[in-house]
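J.: from the sequence below, what's the structure:
(2 chains)
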2 protein chains.
Amino acid sequence: MEKRVYIQDVATRDGFQIESTFVPTEDKIALIDRLSTSGLAKIEVTSFTSPKAIPNLRDAEDVMRGIRRVPGVEYTVLVPNVKGCERALGCGVDEINLVMSASDTHGLANLRMTPDASLEQFKTIIAATQGTDVFINASLSTTFGCPFEGVVPEDRVYQLIQRLIDIGVQGVTLCDTTGMADPAQVARISTGALSRWPDTVFTAHFHNTRGMGLANAVAALHAGIDRFDASLGGLGGCPYAPGASGNICTEDLVHMFQRMGLETGVDLDALLDASGLLPALIGHDVPSAILKAGKSDRRYPKPKWMTEVAG
Amino acid sequence: MEKRVYIQDVATRDGFQIESTFVPTEDKIALIDRLSTSGLAKIEVTSFTSPKAIPNLRDAEDVMRGIRRVPGVEYTVLVPNVKGCERALGCGVDEINLVMSASDTHGLANLRMTPDASLEQFKTIIAATQGTDVFINASLSTTFGCPFEGVVPEDRVYQLIQRLIDIGVQGVTLCDTTGMADPAQVARISTGALSRWPDTVFTAHFHNTRGMGLANAVAALHAGIDRFDASLGGLGGCPYAPGASGNICTEDLVHMFQRMGLETGVDLDALLDASGLLPALIGHDVPSAILKAGKSDRRYPKPKWMTEVAG
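T.: Numbers count the residues shown, from 1 in each chain, chains lettered A, B, ... in the order given. Next up is the predicted model:
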């Protein structure tokens, strides 16, 4: 039997939040509805942050309530605090995604909170989910390095994961927030996490900032990770690494895994159709390689001189 | 001890040949002289083809005779026929690189020769090297797939390698000419080749057309390949896959391998300085990720509000 991998799209959250244009609510809903029927395992729909902090996602409720939810697909949202959690629960999300940094400086810069403060905040959020069956995921930013501090000690990463699990987190996303990870490091940390916490659901989240995104995904796969965040079209990025490319591209990841003989559950053509809509929605080209080059099984016409009949 | 890998740059041949502008001879020489002192193992300097076929490389002799050769660096050139071989030998090259396709249609389209015809031609070229100690390398295009025919049977690849070795070829480059390879296939074919011919020098040659270039390099590395072609800035491409990106980028590959703890022998900063000259030489931006994003150890300044003293 083929090995099964689970692909989770974050474009409408991680991608749209940093675009210079607001994508209209009905366009967001239409795009997510397409993604819902393409075979993805999970969709990070939006973020229940303050509309002032992230104006692009100020329509979180309308989007979450407007989409057509497909059974079997998990719908997750980013939740920064108790208020956001209550808004998310009000929309009946399947999962809330808490975000913290592994490094103090990135935590302060991105969230205005140290990891310690984030963990305290998470306790209050998790308390607010009591009595629901919502799944609690936490994304650990800068797991593979901090753009301000550099290397984050692996022991510190493992200590933070332990503390997350201790307060009731069920899934942990290992995030290479600014594309600093390399395949050897990914293999080491993925193996370390999976062997320490076999009952926790781990997700790998890579950026392609330095061209290593898909190489890191393969390294995580070989270490035993089977859940991957990726972003349609390769949207996303990081405010602290201007000009750098964004999250690994969902269709590029699915294409590679399918070529490797893995079962993704995804209809790649449907995904490419959806990705093809992005440039019109956001007003610029996207980094997707497969959208430009076509799939590996694409056939090119022979040069004309080879097919011309000698006259 | 760290594992040693050997990085071979092909930008001045594989890259420059398809650019729309002719890079002046003295600029080619200056660029190669920089590459020679950066710690690369091999440089594919130019191609001794007909000036009519590849006008951009019409200065092959002048370039090959003009460069400052650094001891320890191998200088190789592409040679399509006996005449090209004699011109190359006249310049005292260390290696000649013969090119053939694994598939009939690509061979006819690209070289106007089937693999059988190429092998016959190679015999005459190799005969012309008798009495010299020039190294004979052969690049096997479309090893991982043909843009016209699709999958190339692996048995066919192995048969062609055997026939190359039988006629005196000492090194074989496994080429993913149009970026169709995936990491699982690369692992399989690399292992297959290394186990069958342990005394042959194998090189892996990947394109990043579908984003898998560095993932494929890691797959080849893990299979035991230690020589890699790459192109400064990520120049190169394929006339049959318009718009697609080119060879894997030398500085991106070196950066990844160094981060993984491998010994490359390369001064990455020198390589980045050289790559930074390319846009002015060829008149457009290059795909290099590290040139844009900086190395993983790059540190960003903290946001201003974090460093401002409360007044």
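J.: how close does the closest residue to A:H222 other than its chain neighbours sit to B:G213?
T.: Using CB to CB, 6 or more residues apart in numbering or on different chains and skipping residues adjacent in sequence, the residue nearest A:H222 is A:A187, 6.7 Å away. Placement of C-beta: from N, CA and C, glycine included. Distance, A:A187 to B:G213, by CB to CB, to the nearest Å: 19 Å.
J.: and if you look at A:G131?
T.: For A:G131, the distance to B:G213 - CB to CB - is 50 Å.
J.: which of those two has more residues huddled nearby?
T.: Neighbours per residue, other CB atoms under 10 Å in any protein chain shown: of A:G131 and B:G213, the larger number sits with B:G213, 28 against 7.
J.: show me the contacts for that one.
T.: Taking CB atoms under 8 Å, 6 or more residues apart in numbering or on different chains, we find B:G213 in contact with A:211, B:179, B:206-207, B:247-249.
J.: would you list those residues in JSON lines and tack on secondary structure and distance to B:A219?
T.: Shown next, in JSON lines, are those (DSSP: H, G, I helix; E, B strand; the rest coil; distance: CB to CB, whole Å):
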{"residue": "A:G211", "secondary structure": "coil", "distance to B:A219": "15"}
{"residue": "B:G179", "secondary structure": "coil", "distance to B:A219": "14"}
{"residue": "B:F206", "secondary structure": "coil", "distance to B:A219": "10"}
{"residue": "B:H207", "secondary structure": "strand", "distance to B:A219": "14"}
{"residue": "B:N247", "secondary structure": "strand", "distance to B:A219": "17"}
{"residue": "B:I248", "secondary structure": "coil", "distance to B:A219": "12"}
{"residue": "B:C249", "secondary structure": "strand", "distance to B:A219": "17"}
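J.: A:S103 contacts A:V152, doesn't it?
T.: Yes. Counting by CB atoms under 8 Å, A:S103 touches A:V152, with 5.2 Å between them.
J.: which residues are in contact with each of those two?
T.: Common contacts of A:S103 and A:V152, defined by CB under 8 Å, 6+ apart, comprise A:142, A:146.
J.: more crowded one of those two?
T.: Using other CB under 10 Å as the criterion, A:S103 and A:V152 rank with A:S103 on top: 26 against 23.
J.: check what pLDDT the more buried one gets.
T.: A:S103 is assigned a pLDDT of 97 by the prediction.
J.: repeat for A:A244
T.: Reported pLDDT for A:A244: 59.
J.: and A:I54, what does it touch?
T.: A:17, A:47.
J.: say whether chain B is contacted by whichever strand or helix holds A:P279.
T.: Secondary structure assigned from DSSP states H and E places A:P279 in helix A:278-282. No. Counting by CB under 8 Å from any CB of the partner chain, chain B has no neighbours in helix A:278-282; the shortest distance is 14.4 Å.
J.: next helix or strand past that helix?
T.: Later in the chain than helix A:278-282, the nearest helix or strand by DSSP H and E is helix A:289-293.
J.: so which elements touch that following helix?
T.: Where contact means 3 or more CB pairs under 8 Å, 6 or more residues apart in numbering or on different chains; DSSP states H and E, helix A:289-293 is packed against helix A:250-259, helix A:268-275.
J.: make it 6 Å
T.: helix A:250-259 (3 or more CB pairs under 6 Å, 6 or more residues apart in numbering or on different chains; DSSP states H and E).
J.: run through who's touching the helix it packs on.
T.: A:5, A:7, A:9, A:214, A:217, A:230, A:232, A:264, A:266, A:268, A:271-272, A:275, A:288-290, A:295-296, B:182, B:211-212 (CB atoms under 6 Å, 6 or more residues apart in numbering or on different chains).
J.: report the buried members of those.
T.: Neighbour-count burial (16 or more other CB atoms under 10 Å in any protein chain shown) applied to these gives A:5, A:7, A:9, A:214, A:217, A:230, A:232, A:264, A:266, A:268, A:271-272, A:275, A:288-290, A:296, B:182, B:211-212.
J.: how about the residues of the stretch 1-150 of chain A near chain B?
T.: Contact residues (CB under 6 Å from any CB of the partner chain) of the stretch 1-150 of chain A with chain B: A:109, A:147-148.
J.: by neighbours, which of those residues wins?
T.: With neighbours defined as other CB under 10 Å, the most crowded of those is A:P147; it has 28 neighbours.
J.: so it sits right up against A:T178, yeah?
T.: Yes. Contact status for A:P147 versus A:T178: in contact at 4.6 Å, counting by CB atoms under 6 Å.
J.: for A:A102, give me its contacts.
T.: A:A102 sits next to A:140, A:142-143, A:152, A:157, A:160 when contact means CB under 6 Å, 6+ apart.
J.: which members of the residues you listed are the farthest-apart pair?
T.: For those, the maximum inter-member distance is 10.4 Å, found between A:T142 and A:L160 (CB to CB).
J.: out of those two, which sits in the busier spot?
T.: A:T142 (27 against 22).
J.: for A:R4, grab the count of nearby residues.
T.: Applying other CB under 10 Å, we find 11 residues neighbouring A:R4.
J.: next, it: phi, psi?
T.: Backbone dihedrals for A:R4, given as degrees, to the nearest 10, come out at phi -100, psi 130.
J.: can you give me how far stretch A:77-90 is from the chain middle?
T.: Its chain's C-alpha centre and that of stretch A:77-90 lie 18 Å apart, by CA atoms, centre = their mean, to the nearest Å.
J.: ok, now stretch A:141-158?
T.: 19 Å.
J.: same question for stretch A:222-237.
T.: Taking CA atoms, centre = their mean, the mean C-alpha location of stretch A:222-237 is offset from the chain mean by 6 Å.
J.: just to revisit the earlier point, which one of the contacts of A:A102 is nearest to B:R69?
T.: Taking CB to CB as the measure, B:R69 lies nearest A:V152 of these, at 44.3 Å.
J.: contacts only, for the closest one.
T.: With contact set as CB under 6 Å, 6+ apart, A:V152 has these partners: A:102-103, A:142, A:146.
J.: can you tell me which of the residues you listed is closest to chain B?
T.: For the contacts of A:V152, the closest approach to chain B (CB to the nearest CB) belongs to A:C146, at 8.9 Å.
J.: quick check: chain neighbours aside, which residue is closest to that closest one?
T.: Using CB to CB, 6+ apart, the closest residue to A:C146 is A:S103 (3.7 Å).
J.: could you do A:A289 as well?
T.: Leaving aside its chain neighbours, A:A289 sits nearest to B:G211 (3.8 Å; criterion: CB to CB, 6+ apart).
J.: strands of chain A, start to end?
T.: For chain A, applying DSSP state E gives strands covering A:6-9, A:42-47, A:74-78, A:95-101, A:135-141, A:171-175, A:201-205, A:227-230.
J.: the last one pairs with which strands?
T.: Take DSSP bridges as the rule and strand A:227-230 pairs in its sheet with strand A:6-9 (parallel), strand A:201-205 (parallel).
J.: alright, I will stop here.
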